[in-house]
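Visitor: The following block contains a protein sequence and its predicted model.
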Amino acid sequence: MAAAAAARMLQANPGVAMDANDESRRRAWSAYWSSGRLHSCAGSFQGNYAGAIGAFWRRLFGGLAPGSRVLDLATGNGPLPLLAWEARPGAVEVDAVDLADVAPAWFDPARHGGIRFHSRVRMEALPFATGTFDCVVSQFGFEYADRAAALAECLRVTRAGGGLALVMHHAGSVLARVGREELAHHARLRDGEGLLAAARGVAPWLARARGGQGVDADAANAARERYNRAMQDVAAAIAASPAPDLLLEVRDAVHGLLARVGPGGEAAALDALDAQAASLDAARLRTAEMVACALEEADAAALAGMLRQARPGIAVQYRELRQPEGVLAWSLLAGPPAEDGG
């Protein structure tokens, strides 16, 4: 399914897993995690989560009893298993699952004993026995699932008296606002008159001219003018945008690529531009998912209500995680009243 269609499905069915599109999503996220990024919001955090989000997880992991078993949903490159290991080295076991193919570069089985990664696992169908875990956690992951089915699975695999801790995208967060801005940037860059299309139009003429071949001057000048207009459009958007990083990154990449086009380099240049476009489309899919799956307060309240209904007497708290730049996420903690230190 194309990224735009995936976004429309998500907007129509927020919080519903896209079974028919799982393979597209798996490929997009697998490629992202293979880049080595530790989390899904590159540039938003320092190291392995600083600030309010890091404090939330360190408080939780620091309170786990020795020998506790933890399940991390939608682990990505494993920031939560790493945080758990840093907080309680060797004291807890973590099974970390993801729909994508994941193999974190930081992970050393000989050093990080008790941590196990499982790729191609859907949150709605967990491959673990009933009552296996003391705590289920998820960082910017649970909200992407079919929430009712995923919650049922979380409760099934959690032992009686176990806990659930989630950090989820907030519809009014800094991250969601940047995501919405970047979707507009994606549309601008991939428009038929946008920068990538214009770059494809000018690359062959650059290769021929630099190789000393004859060129159709009128056609070459028209392609150059189209490219210059696209560059000017991007420059204006950069000046007007509160979050221009994507535009800056793609503009610089495309400009550098065209600067390197050499004699006979037409095919290589077009292949590189196609790869840039494919990377951009995968990023658009990820961003559209994030924006569509971000929770309003009513969604967080509904999730808490589902938990209370499924397990009468459970203590549930959901709160906004904030720091000076604004709201970052929703946090949700659930467990026995006596253990709920939220």
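Guide: Structure received.
Visitor: Buried residues, the helix or strand hosting Arg251. List them.
Guide: If you go by DSSP states H and E, Arg251 is part of helix 245-259. Judged by neighbour count (16 or more other CB atoms under 10 Å), helix 245-259 contains these buried residues: Leu246, Leu247, Val250, Arg251, Ala253, Val254, Leu257, Leu258. No exception for glycine: its C-beta is placed from N, CA and C like everyone else's.
Visitor: Which single one of the residues you listed is nearest to Ala207?
Guide: Ala207 lies nearest to Leu258 out of the buried residues of helix 245-259, by CB to CB, at 9.9 Å.
Visitor: immediately after the longest helix anywhere in the chain, which helix or strand?
Guide: In the chain, with assignment by DSSP state H, the single longest helix is helix 266-293. Once the chain leaves helix 266-293, the next helix or strand it forms, by DSSP H and E, is helix 297-310.
Visitor: what does that following helix contact?
Guide: 14-15, 147-148, 151-152, 155, 164, 168, 171, 295, 314, 316-318, 330, 332, 334 (CB atoms under 8 Å, 6 or more residues apart in numbering).
Visitor: again, but for stretch 62-69
Guide: Here stretch 62-69 makes contact (CB under 8 Å, 6+ apart) with 70, 84, 87-88, 91-95, 132-135, 341.
Visitor: Turn those into TSV, columns for secondary structure, neighbour count and pLDDT.
Guide: Putting the contacts of stretch 62-69 into TSV (DSSP: H, G, I helix; E, B strand; the rest coil; neighbours: other CB atoms under 10 Å; pLDDT from 0 to 100) gives the following:
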residue	secondary structure	neighbour count	pLDDT
Val70	strand	26	98
Ala84	helix	30	94
Ala87	helix	17	91
Arg88	coil	19	90
Ala91	coil	15	92
Val92	coil	22	94
Glu93	strand	18	96
Val94	strand	27	97
Asp95	strand	24	97
Thr132	coil	16	97
Phe133	strand	24	98
Asp134	strand	20	97
Cys135	strand	24	97
Gly341	coil	11	41
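Visitor: wouldn't Ala334 be in contact with Gly313 here?
Guide: No: with contact defined as CB atoms under 8 Å, Ala334 does not count as touching Gly313 (11.1 Å).
Visitor: what mean pLDDT does the helix holding Arg251 have?
Guide: Mean pLDDT, helix 245-259: 95.
Visitor: helices and strands around it, which ones?
Guide: In terms of contacts (3 or more CB pairs under 8 Å, 6 or more residues apart in numbering; DSSP states H and E), helix 245-259 is packed against helix 174-190, helix 195-210, helix 217-240, helix 266-293.
Visitor: quick one on the thing from earlier: now, among the contacts of stretch 62-69, which is nearest to Arg177?
Guide: Using CB to CB, Ala84 is the member of these that lies nearest Arg177, at 29.8 Å.
Visitor: Which residue is the nearest non-sequential neighbour of the closest one?
Guide: Excluding its sequence neighbours, the residue lying closest to Ala84 (CB to CB, 6 or more residues apart in numbering) is Phe61, at 4.6 Å.
Visitor: if I read this right, the one you found contacts Pro81, doesn't it?
Guide: No: between Phe61 and Pro81 there is no contact, the gap being 9.9 Å when judged by CB under 8 Å.
Visitor: In space, what's closest to Phe142 - neighbours in sequence excluded?
Guide: Spatial nearest neighbour of Phe142, excluding adjacent residues (CB to CB, 6+ apart): Leu166 at 5.0 Å.
Visitor: Pairing partners for the regular element (helix or strand) spanning the one you found, with directions?
Guide: Assigned by DSSP H and E, Leu166 belongs to strand 158-168. Here strand 158-168 is paired, per DSSP bridges, with strand 133-139 (parallel), strand 326-335 (antiparallel).
Visitor: Quickly compare those strands and say which is most buried.
Guide: Using mean count of other CB atoms under 10 Å, the stretch among the strands paired with strand 158-168 with the largest mean neighbour count is strand 133-139, at a mean of 25.
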